[in-house]
Each structure stands twice: as structure tokens, then as C-alpha cells.
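In: this one's sequence-less:
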């Protein structure tokens with residue numbers, strides 16, 4: 001299992017993903033689930049993946065292979081004229097990888113994967129997409145300003161209650177840390193290290209890329225502070241009359 005979140009803000013895009021993969025309680029590994037591509041000043045893109053690890057690695061490898069010689073192996077993320085066309089390319093690649101795997105194995109959902117893709121191509125605003133195993137996708141809108149994939153339920157309440165499109169990157173990072181801390185505490189299949197990536201509007205450059213370990217001072221302070229705040233809020237509520 002995994003947990004990834006992409007937020008769309010007035011200032012830009014914020015991404016965070018965990019790195020835990022497991023095939024049973026005795027087979028736990030760490031893999032980076034956030035992948036980035038950049039042509040500084042012209043485009044910057046971030047892809048986060050959840051689902052079958054072989055499927056997601058195959059998709060990313062195919063995308064990387066096309067980027068090595070974009071003029072010869074078109075289409076490529078580095079030559080796509082828009083984020084929409086880049087999302088289509090990723091969706092088609094994902095659908096093709098899953099279809100090839102199903103030709104070999106018959107289990108319908110074994111090879112499924114879901115992805116969050118965001119970024120900006122110069123001349124158009126930042127975009128954020130959720131890409132499904134079938135290859136289709138939806139785009140973030142004001143009423144749906146963030147996407148989650150993987151183990152979503154534990155970290156969603158804080159996002160729904162506290163999200164504000166006008167928040168700063170610093171506040172957004174705090175919000176995501178609380179969301180991930182809640183998920184990690186509730187589900188052993190999600191764990192640190194966490195990867196944080198910022199993308200500021202109209203820079204068309206990847207911003208801060210930070211790996212958050214268990215020992216990260218900010219994450220530890222937010223985790224402890226959130227626990228204390230919840231306990232204080234709980235005890236401040238009136239008792240139930242029985």
C-alpha cells in the first residue's frame with residue numbers, strides 16, 4: 001500500500017508521497033514513488049504512483065526511455081505541447097502496460113495502478129490530474145483541489161477541513177505532514193521516508209525537493225503537537241449525559 005497527495009494552490013502545486021511497499025508483513029521495502037521531469041523555464045512535471053510496483057516501474061521506465069531521445073521516440077513528456085497531452089501519454093502508457101501484463105496473467109486487478117500527475121508547461125497554468133488504470137483521467141478543479149491515491153481514508157479529514165487555496169507552501173507542507181502522520185499511525189503499510197516536492201506557478205522549474213525521515217525535526221514536532229492538540233480538544237468537549 002502507499003499514500004500520495006497532490007495539492008493545487010494559488011501559489012502552485014505541492015506533492016507528498018511515502019516510500020513503503022509491502023507484499024506481506026515479512027516483505028517490506030522502500031521505493032521512491034515520486035518521479036520528476038524538467039526542462040528549466042519551459043516545463044516541470046511530477047508523477048506519483050500507487051498500485052502494482054512492477055506496473056508503475058514499467059510505466060516510468062517507458063516514459064524515461066522516450067525522454068532520452070524525444071525527437072526519435074515521440075510522443076515524449078519533454079515534447080508534449082500541453083499538460084493535457086502529457087497526461088494522455090501517461091494514461092495510454094499505463095493502459096498498455098496493464099494490458100500486456102494481463103495477456104500473460106489472467107487475474108483482472110493484479111496489475112492495476114493509479115497515478116497523480118501535475119506540473120506546468122510554459123504558456124499555460126499549472127495542472128493536476130488523477131490517472132486511472134484504464135488510462136482515462138480527471139483534472140483538479142476548485143471544488144476538487146487535491147487528489148489522493150493509495151491509503152486515503154485516514155489522512156483525508158484534515159485535508160477537507162483545513163485546505164485553503166491561498167495557503168503558503170509552508171502551511172501546505174504542515175497540512176500534508178499532519179495528513180501523513182495520521183495515516184502512518186493508523187496503517188502499517190504507509191511509512192517514512194516521505195518525499196515532498198514544490199512547484200511554484202510560472203517558474204516552470206522544480207522547487208524544493210525534500211526527503212522527510214523519522215528523525216526530521218519538523219515532522220516530529222508536528223506529529224507530537226497534533227497529538228497534544230487532539231487530546232486537548234477532546235477533553236475540552238462536554239461530557240455526554242447518560
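Out: Yes, it's here. Note that this is a predicted model, so its numbers are computed, not measured. Numbers count the residues shown, from 1 in each chain.

In: mind listing what the lowest-mean-pLDDT helix or strand in the chain pairs with, with the direction of each?
Out: Of all helical and strand segments in the chain, the minimum by mean pLDDT, DSSP states H and E falls on strand 20-22, at a mean of 86. If you go by DSSP bridges, strand 20-22 pairs up with strand 28-30 (antiparallel).

In: who touches the partner strand?
Out: Residues from elsewhere that reach strand 28-30, judged by CB atoms under 8 Å, 6 or more residues apart in numbering: 19-22, 193. For glycine as for every other residue, the C-beta is placed from the backbone atoms N, C-alpha and C.

In: next helix or strand past that strand?
Out: strand 34-39 (DSSP states H and E).

In: by contact count, what packs against that following strand?
Out: Secondary-structure packing of strand 34-39 (3 or more CB pairs under 8 Å, 6 or more residues apart in numbering; DSSP states H and E): strand 43-51, helix 53-68, strand 194-200.

In: coming back round to it: got the contact list for the least confident helix or strand of the chain?
Out: For strand 20-22, contacts defined as CB under 8 Å, 6+ apart pick out 1-2, 28-31, 53, 189-191.

In: distance of the closest residue to residue 35 other than its chain neighbours from residue 63?
Out: Nearest residue to residue 35 in three dimensions, chain neighbours excluded: residue 47, at 4.7 Å (CB to CB, 6 or more residues apart in numbering). The gap separating residue 47 from residue 63 is 8 Å, by CB to CB, to the nearest Å.

In: find residues that contact each of those two.
Out: Common contact partners of residue 47 and residue 63 (CB under 8 Å, 6+ apart): 35, 90.

In: what about these two, which has more around it?
Out: Counted by other CB atoms under 10 Å, residue 47 and residue 63 do not tie: residue 47 has more neighbours, with 28 against 21.

In: what residue ranges in this protein are flagged as low confidence?
Out: Within the chain, the stretches with pLDDT under 70 are 23-25, 105-108.

In: how far away is the nearest residue to residue 39 once chain neighbours are set aside from residue 97?
Out: Among residues not flanking residue 39 along the chain, residue 78 sits closest, at 6.1 Å (CB to CB, 6+ apart). Distance, residue 78 to residue 97, using CB to CB: 20 Å.

In: cool, and residue 131?
Out: 12 Å.

In: ok, now residue 189?
Out: According to CB to CB, residue 189 and residue 97 sit 23 Å apart.
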